[in-house]
Structures are given as structure tokens and as C-alpha cells.
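A.B. asks: Mind folding the following:
(one chain, ligands or ions: 1)
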Amino acid sequence: MLICELFHSIQGEGSLAGVPSVFVRTSGCNLRCVWCDTPYASWNPTGTKYEIADLLGEILAYPAQHVVLTGGEPLIAKGIEFLAAELRANGKHLTIETAGTIAPQGIACDLASLSPKLAHSTPSEEQAGPWAARHQATRWQPDVIRAWINHCDYQLKFVVRNEQDVIELMELLGSSNIQVAAHKILLMPEGIDANILKQSAFAVSELCKRYGFRYTPRLHIDLYGNTRGT
Ligand code: SF4
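C.D. replies: Okay, here's the model as predicted:
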């Protein structure tokens, strides 16, 4: 399995924000978000090849009870189901951070952090060549989202910039007949710079108040800045 990063940090986003966790970032993604904050795991995938047993050993050497499988898109990493099953067998709480374009197919998971991508994520053809159309065709997979919701506990996390994005996500969920409690829908400001995030955070928090959705910070950016391995 190609691993981009393996590190011990604080979960920065979502309902487990603040919880010490080991992060396993697989390399490779089936999307190409124009504002991707981990291009080294998607646009230009880099990493080290690991045998699953070695990877497991390194993860278990950390004291954290929580493990986060992230990417890139972890669901396309070869052997991810086996790694997840082993982590569960070792008593770890397992979060899988996925864009929600690939079905769970029985993978062990305690919290699916589903992050479907809205229209503003799509790159232009000049920026991404054939990936532009591929991204646009792949980014919203309602059947897959439903499969995850029926599989385990979940949160739906959307990167939003303005009210139009909130209206878009509500239309997507509504037209796909995906009904979830408002507190399961998390709105997250876009940005990898603490100052820019601070500016957009207030606007996103106001949108949460208006629509009843939950605000999620990006604690790791506040704490460490846009630094790899954090
Ligand atoms: S899904 Fe995530 S890793 Fe993949 S391109 Fe989008 S932001 Fe980057």
C-alpha cells in the first residue's frame, strides 16, 4: 500500500475534533479538487510502499485509541479492508475519511466522515485536462452515500464558501432523497491558511445558524498551520 503520511496528531475536523488520533494518509485519489489541500496524495501522489503488517505495527506503536484512514481516497488503496479489519481487531476506533464515491463493501468502520464535493471543486480542463470531466462525473454518487449511511455512524462534511454552496448541497440531498438529521451535516470553511480561514469561518458559522447545520473548524490549521504531518 502506498502511504503518503503516517503521524500522530489531534483530529482537526468533525465530531471528533480535538481527539488524539493516528492518521494514515494513503496516496492516490479518484478526484482532482481544484482547491485540494493534499495534492501530494492526489494531483501528484507520492509516498512509501508498505506491507500491511509493517504499517499495522507502526500504527499500533502509538498510544492513540483513535485511528483515521484518510487520503487521497483511502477506499482505492489496495488492502485497505484488511488494514481496517486488523485495526478493529486490535480495539481501535476507526474513522474513514472519504469523498463518498466508493461504496463501503463491508469495510470495518466506526465513523464514516463523508465529504462529497460540490460544483466549486471541479477544475477547468486547462487545469486538469481529462481529469476535469472525470472529476465532474464522479464527485456526487448518491447511491454510495446511502450505502455508507446504512453501513455505520457517519457525518456529511461539506466545504462551503457561501450561501449558494449551501443551497446546492440541500438540492443535491433533496433530489437524491437522502434524508439526514441537520446535526449530521457539517459545514467547513475552505482554506489552508489560518488567516484566510479566520475570515471565512464567521460567514460559515452564520450559515450554520441560518440553516441549522453544524460548524466544523479546521483545528489542525489553527494549531499547526498548513504543515504536513499534523
Ligand atoms: S477528494 Fe480529497 S484528496 Fe482527492 S482531490 Fe479532493 S480534496 Fe484532494
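A.B. asks: What sits closest to the residue nearest the centre of the chain if chain neighbours are left out?
C.D. replies: For the chain, residue 97 is the residue whose C-alpha lies nearest the centre (C-alpha atoms, centre = their mean; 3.8 Å). Distances taken as C-beta to C-beta, 6 or more residues apart in numbering place residue 70 nearest to residue 97, at 4.1 Å, with adjacent residues excluded. Where you see a C-beta, it was placed from the backbone N, CA and C, and this is true even at glycine.
A.B. asks: Now the one you found, what are its backbone angles?
C.D. replies: phi -140, psi -170 (degrees, to the nearest 10).
A.B. asks: Return the distance of it relative to residue 179.
C.D. replies: 27 Å (C-beta to C-beta, to the nearest Å).
A.B. asks: who has more neighbours, these two?
C.D. replies: Under the neighbour definition other C-beta atoms under 10 Å, residue 70 and residue 179 were set side by side, and residue 70 has more, 21 against 8.
A.B. asks: For residue 151, give me its contacts.
C.D. replies: Counting by C-beta atoms under 8 Å, 6 or more residues apart in numbering, residue 151 makes contact with 104, 106, 109, 112.
A.B. asks: just these now: which is nearest residue 36?
C.D. replies: residue 112 (20.2 Å; C-beta to C-beta).
A.B. asks: Dig out what that closest one forms beta bridges with.
C.D. replies: Under DSSP bridges, the beta-bridge partners of residue 112 are residue 96, residue 154.
A.B. asks: Residue numbering should commence at 54 henceforth.
C.D. replies: Got it, first residue is 54 now, which makes that one residue 165.
A.B. asks: So what's the residue count around it?
C.D. replies: Residue 165, neighbours per other C-beta under 10 Å, totals 24.
A.B. asks: Correct me if wrong: it contacts residue 205.
C.D. replies: Yes. Counting by C-beta atoms under 8 Å, residue 165 does reach residue 205; the two are 5.5 Å apart.
A.B. asks: Mind listing the shared neighbours of the two?
C.D. replies: residue 157.
A.B. asks: residue ranges with poor pLDDT in this protein?
C.D. replies: For the chain, residues meeting the criterion pLDDT under 70 lie at 244-247, 275, 277-283.
A.B. asks: for it, what spans make up the helices?
C.D. replies: 105-113, 133-142, 178-181, 184-191, 195-202, 216-228, 247-264, 272-277 (DSSP state H).
A.B. asks: Those into JSON lines, with extra columns for mean neighbour count?
C.D. replies: Shown next, in JSON lines, are these (neighbours: other C-beta atoms under 10 Å):
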{"stretch": "helix 105-113", "mean neighbour count": "15"}
{"stretch": "helix 133-142", "mean neighbour count": "18"}
{"stretch": "helix 178-181", "mean neighbour count": "12"}
{"stretch": "helix 184-191", "mean neighbour count": "16"}
{"stretch": "helix 195-202", "mean neighbour count": "17"}
{"stretch": "helix 216-228", "mean neighbour count": "15"}
{"stretch": "helix 247-264", "mean neighbour count": "14"}
{"stretch": "helix 272-277", "mean neighbour count": "16"}
